[in-house]
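Asker: The sequence and its predicted three-dimensional model are supplied below.
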Amino acid sequence: MSNPDDIDDSSAPLIEHLAELRTRLIRSALAFVVGMVICFTFGSAILDFLLVPIEKTMRQLGDPNPVMIYTAPQEYFFTLIRISMVGGLALSFPVIAHQLWRFVAPGLYRNEKEAFLPFLIASPFLFLLGAAFAQFVVIPLAMTFFLGFADLPSYVAALLSGTGEGAVDTNATDTGIDIVFTGKVNESLDITLKMIVAFGLCFQLPVLLTLLGKAGLATARGLRSTRKYAIVGILTVAALVTPPDVTTQLILFTVVYGLYEISIFLVARVEKKREQRLREEGLWFEEDDEEAAHDPLMDEFDRDEEAEDGPESTGKDG
């Protein structure tokens, strides 16, 4: 039977880790709340900034005074709450990342710290880069497509009837029902936030694949051999997270596939540095090059077959 004192001694470190985890979570939650309050204070200005692409598109289509509405008393308030949550998470991420690092760093080796810390710094930078790309490039194109598509029939009809700018349309009273866009704040913001989050997450691809490469879970050879599957996967993601227009989907596909190729280059550099380090330490052998040329899954399958056939072949030889 086990000694009760041994159980108490073994449970003490676990309790200390749980207490430290609780402290880190509390500090992260407080940072998130503070960031959320700050963003809620400037919620109207942030909302105006997020709606700039649709405002410019409406002005380009001839609306001199773009107006957006909300149809429920609580709609505007909860719209600001959504903005505050996303903005609060962005503002508090450095604190959350620091608390995460302080929690996991004592249990990492030196080489693991050197591998993990750069990615912890690069991740928010790439997310902001993807969010900025969505806000200033993708969302304006999407809004131009959707709103311009609704305005296209009237534009074509004006060309066919010879009515251009400065001309007077005498049949203005016979045009039927005019279809105009009156945007809702929460619905327009929903598209903007989805695009920002989608592109921000897609820009994490180099971080994820390079980290997997450092851990030995991904290789440049393997990434190159799965290009066709990556293309299908990226096209599927582009169709799911973007509005149903070809332009936005092609932009997302082009950007993410470019990031995939960059990831292959980064993983290859990681492998080259690891090989150089092992050669300097005298731990790299020529057999490693031969093993790297084989598929690990096939090697594992061959070893299993040899292990199963070993006893039978030994019996036959005897």
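Answerer: Thanks, I have it. Residues are numbered from 1 along each chain as shown.

Asker: what's stretch 222-232 in contact with?
Answerer: For stretch 222-232, contacts defined as C-beta atoms under 8 Å, 6 or more residues apart in numbering pick out Leu209, Tyr257, Tyr260, Ser263, Ile264, Val267. In short, each C-beta sits where N, CA and C put it, glycine included.

Asker: Can you report how many residues lie near the residue nearest to the last one when sequence neighbours are not counted?
Answerer: If I follow you right, that is Val267. In space, and not counting its chain neighbours, Val267 is closest to Gly213: 3.6 Å by C-beta to C-beta, 6 or more residues apart in numbering. Residues lying near Gly213 (other C-beta atoms under 10 Å) number 24.

Asker: give me every residue that touches Gly213.
Answerer: Applying C-beta under 8 Å, 6+ apart to Gly213 gives the contacts Thr219, Ala220, Leu266, Val267, Val270, Glu271.

Asker: so where do the helices sit in the stretch 101-250 of the chain?
Answerer: 110-133, 139-160, 185-202, 205-214, 220-225, 227-241, 246-280 (DSSP state H, counting those that start in this stretch).

Asker: Worst mean pLDDT among those?
Answerer: Mean pLDDT values for the helices of the stretch 101-250 of the chain show the minimum at helix 139-160, a mean of 65.

Asker: ok, back up a step: now flag whichever of the contacts of Gly213 is closest to Asp48.
Answerer: For these, the closest approach to Asp48 (C-beta to C-beta) belongs to Leu266, at 37.8 Å.

Asker: could you list every residue that touches that closest one?
Answerer: Going by C-beta under 8 Å, 6+ apart, Leu266 touches Pro206, Leu209, Thr210, Gly213.

Asker: ok, and the closest non-adjacent residue to the third one?
Answerer: This points to Thr210. Using C-beta to C-beta, 6+ apart, the nearest residue to Thr210 is Leu266, at 4.5 Å.

Asker: ok, and the closest non-adjacent residue to Leu108?
Answerer: Counting by C-beta to C-beta, 6+ apart, the residue nearest Leu108 is Phe116, at 6.6 Å.

Asker: thought the one you found was touching Gly107?
Answerer: No - using C-beta atoms under 8 Å, Phe116 is not in contact with Gly107; the gap is 11.0 Å.

Asker: Looking at those two, which is more packed in?
Answerer: Counted by other C-beta under 10 Å, Phe116 and Gly107 do not tie: Phe116 has more neighbours, with 17 against 8.

Asker: what sits against the more buried one?
Answerer: By C-beta under 8 Å, 6+ apart, the residues touching Phe116 are Trp101, Val104, Leu108, Leu211.

Asker: about what we covered before: can you list the contacts of stretch 222-232 in TSV and add distance to Tyr229 and neighbour count?
Answerer: As requested, the contacts of stretch 222-232 are exported to TSV (distance: C-beta to C-beta, whole Å; neighbours: other C-beta atoms under 10 Å):
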residue	distance to Tyr229	neighbour count
Leu209	14	22
Tyr257	12	17
Tyr260	11	19
Ser263	14	22
Ile264	14	22
Val267	16	24
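
Asker: Look up how far Ala97 lies from the residue nearest to Val267.
Answerer: Applying C-beta to C-beta, to the nearest Å, the value for Gly213 to Ala97 is 21 Å.

Asker: What is the neighbour count of Gly233?
Answerer: For Gly233, the neighbour count with other C-beta under 10 Å is 13.

Asker: With Leu51 instead?
Answerer: Leu51: 20 neighbours (other C-beta under 10 Å).

Asker: Grab the nearest non-local neighbour of it.
Answerer: Ser188 is the one closest to Leu51 (C-beta to C-beta, 6+ apart), at 6.4 Å.

Asker: My read is that that neighbour contacts Met68, right?
Answerer: Yes - the pair Ser188 and Met68 qualifies as a contact (C-beta under 8 Å) at a distance of 6.4 Å.
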